[in-house]
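Peer 1: this one's structure only:
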């Protein structure tokens, strides 16, 4: 406790004019400190938390999930906040925050390359080896940079870092980006001359302080075990958002950002025509697409390739908005779940699979938040070397391990980003930002 504050409390508890100071100066010094000690214990007991000094001022970058969108799309209806605005709530509270925008249907590799260029600034480079292997363009859009100082030395000569928060597939994306920054990619180094190589692929960049994932399918979601399930879900979700904001579907200002596949929306093209063109594209037969990464088999492959890094804090939050139905044990939606998610919640809540060579999906996968299986959210387990530790509010987070924060009971998939939420999502994000700012510098 600062000495100035101690002095003020000393004056309040023991006035200088009292006989205690004159008759027994030792007691006069120790008595108020004893009271302060007891007061501190009382505050901890009743759960009052005094303001703490931030140990770092690293910016926060929010990264959306599958079918996500940017701040200038959907007529200002925010992915992070809906009719509210999580980014600005955090900025007003003193937590510098940016919103990343990546391909809503793209693979996590492509999304990580896009996120790197968007934060740092420059043209997206998907990598020569990667682009050749999957048959799409090597370069994408160009960006001025949300935080161009990222990675440059601070006053102490240390690289400026960021906190990454990813919702749903966004959690997979920030895992890939963090590993690429730290370890690079040997195939891209071998395929590209030094002068033409993106810095993202060279490794050696400890530029991420923490990774926080919210309802992320680290082990995939059973909703993505087939395109015939994922594409109808995407169409239904987008049309539902159009209804929420009160706009005709054909006028929906939405961009799939699949320029590398030649699928940029034409200026006069209706949203429905654009959606049909994307749905019929051969990219869905590729493994360089979200549908593969979100599937349990694709997630298992991702887990092997992009492990947690030893100098980064990893946090995960899970959600569950279903309850078991007797006697089958199938999971059904709670009444608080958005009605738009009931159909997928019922599907996930009863789906099983046991096929040779594929990830086995059993009853442990049934609990869900309407989009993602709850057992998939704590951290990667399928063929992953990562360590997951369940923590409480009093545990110190550990570097290089998943500090799993438990399950948000009753929260559905969109509650976590404040869309249709019946709770104080802003307050939840403020507490999260405060905990990230308290991580050691």
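Peer 2: Great, that's in hand. Worth saying up front: this structure is predicted, and the values here are computed from it rather than measured. Numbers count the residues shown, from 1 in each chain.

Peer 1: point out where the stretch 1-150 of the chain drops to low pLDDT.
Peer 2: 1-54 (pLDDT under 70).

Peer 1: which stretches in it count as helices?
Peer 2: Assigned by DSSP state H, counting those that start in this stretch, the helices in the stretch 1-150 of the chain fall at 3-13, 19-23, 25-45, 86-92, 108-120, 128-134.

Peer 1: what's near enough to touch the residue nearest to residue 358 when sequence neighbours are not counted?
Peer 2: Sequence neighbours aside, residue 297 is the residue nearest to residue 358 in space, at 5.7 Å (criterion: CB to CB, 6 or more residues apart in numbering). From N, CA and C alone the C-beta is placed, and that goes for glycine too. By CB atoms under 8 Å, 6 or more residues apart in numbering, the residues touching residue 297 are 220, 358-359.

Peer 1: for the nearest residue to residue 312 once chain neighbours are set aside, what are its contacts?
Peer 2: In this structure, residue 312 finds its nearest non-sequential neighbour in residue 208, 5.4 Å apart by CB to CB, 6+ apart. Shown in contact with residue 208 (CB under 8 Å, 6+ apart): 161-164, 174, 177-178, 181, 309, 312.

Peer 1: which ones among these are found in helices?
Peer 2: Applying DSSP state H to the contacts of residue 208, the entries found in helices are 174, 177-178, 181.

Peer 1: now which of these would you call buried?
Peer 2: Buried subset of the ones in helices among the contacts of residue 208 (neighbour count, 16 or more other CB atoms under 10 Å): 174, 177-178, 181.

Peer 1: one step back: can you redo the contacts of residue 208 as TSV with pLDDT and distance to residue 265?
Peer 2: Converted to TSV, those look like this (pLDDT from 0 to 100; distance: CB to CB, whole Å):
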residue	pLDDT	distance to residue 265
161	98	35
162	98	30
163	98	32
164	99	28
174	98	26
177	98	26
178	98	31
181	98	31
309	98	36
312	98	36
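
Peer 1: what's the closest of those residues to residue 440?
Peer 2: Closest to residue 440 out of the contacts of residue 208 is residue 161 (11.7 Å), distances taken as CB to CB.

Peer 1: how many other residues sit next to the closest one?
Peer 2: 22 (other CB atoms under 10 Å).

Peer 1: between the buried ones among the ones in helices among the contacts of residue 208, which sits nearest residue 412?
Peer 2: Among those, and counting by CB to CB, the member closest to residue 412 is residue 174, at 21.8 Å.

Peer 1: now the strands: where do they sit in the stretch 151-300 of the chain?
Peer 2: 162-167, 208-214 (DSSP state E, counting those that start in this stretch).

Peer 1: which of those sits closest to residue 201?
Peer 2: Closest to residue 201 of the strands of the stretch 151-300 of the chain is strand 208-214 (CB to CB; 16.0 Å).

Peer 1: and the closest one, which strands flank it?
Peer 2: strand 162-167 (parallel), strand 313-320 (parallel) (DSSP bridges).

Peer 1: pLDDT (mean, whole number) over the one helix or strand residue 406 maps to?
Peer 2: Taking DSSP states H and E as the criterion, residue 406 maps to strand 402-409. The average pLDDT for strand 402-409 rounds to 97.

Peer 1: what's in contact with the helix or strand that that strand is followed by?
Peer 2: Once the chain leaves strand 402-409, the next helix or strand it forms, by DSSP H and E, is helix 425-437. Helix 425-437 is contacted by residues 52, 54-58, 60, 81, 84, 86, 89-90, 93, 95, 97, 163, 165, 209-210, 212, 415-418 when judged by CB under 8 Å, 6+ apart.

Peer 1: narrow the residues you listed to just the buried residues.
Peer 2: 54, 58, 60, 81, 84, 86, 89-90, 95, 97, 163, 165, 209-210, 212, 415-418.

Peer 1: residue 362 and residue 220: what is the separation?
Peer 2: 14 Å (CB to CB, to the nearest Å).
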